[in-house]
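J.: Generate coordinates for the sequence data below:
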Amino acid sequence: MSMRPDGSISAAPSAPEGDGPSNDTGSSLHLRSARPDDAEAIRDIYNLEVTTSTVTFDLEPRSLEAQREWLAARSGAYSAVVAVDASTDEVVGFGSLSKYKDRPAYATSVEDSVYVRRDQQGRGIGRLLLGELLATAEKTGFHAVFARIVGGHEASIRLHRSCGFEEVGVEREVGRKFGRWLDVVIMERLLR
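T.: Okay, here's the model as predicted:
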């Protein structure tokens, strides 16, 4: 990755790392901070997962207004980043850092979320987004980054493992969606 003059990050092709996906993004992809006008594209990616999968425990699709509010809350330490296909100017994925817990002693910990548009999965976009979130978390002074992943979502578990996360626990049957009880795998990476 390299920084562009406008502050976006250019993703150059590289060899696959670990057991994560290959980085076949080419130079037409760049990362940048999410902007208010990205709300609809982020909402489209997210709502498809809400209505068709268990990767999020939300049960109702997000309204455009709720997505705008979510984005407005993602500035500063708790930020959001998007992956943009430079050839089409389309958002093809997004990631964010969120508060891990509300109590003050948890202030040095953060939770990551990464979503990639389904037709773009397997190209290494998730790895680029997660890498940027980890760099941001470290620059901001966070100490621990957590991922809460629905049990059985092996692609996300592999992605996080390839970026230095370790499994630290499983919450058994803590969610219910589509008539199924769902486990949550907790993964953590400590930063310097």
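J.: Assign a three-state SS to the residue nearest to the spatial centre of the chain, would you?
T.: Central residue check for the chain by CA atoms, centre = their mean: the C-alpha nearest the mean position is that of Val114, 1.6 Å away. Put simply, Val114 is strand when judged by DSSP: H, G, I helix; E, B strand; the rest coil.
J.: Show me the beta-bridge partners of it.
T.: Gly95 (DSSP bridges).
J.: Hmm, Gly131 and it touching each other?
T.: No - with contact defined as CB atoms under 8 Å, Val114 does not reach Gly131; the gap is 10.1 Å. In short, each C-beta sits where N, CA and C put it, glycine included.
J.: Would you double-check that Ala77 falls in a helix?
T.: No - Ala77 is assigned coil when assessed by three-state DSSP, not a helix.
J.: Find me the pLDDT at the closest residue to it other than its chain neighbours, would you?
T.: Spatial nearest neighbour of Ala77, excluding adjacent residues (CB to CB, 6 or more residues apart in numbering): Thr140 at 4.6 Å. You'll see Thr140 listed with a pLDDT of 94.
J.: Number of residues surrounding Thr140?
T.: A total of 14 residues lie near Thr140 under the criterion other CB atoms under 10 Å.
J.: same deal with Leu97?
T.: 23.
J.: and it, what is it in contact with?
T.: The neighbourhood of Leu97, defined by CB atoms under 8 Å, 6 or more residues apart in numbering, consists of 74, 77-80, 110-112, 133, 136-137, 140, 142, 145.
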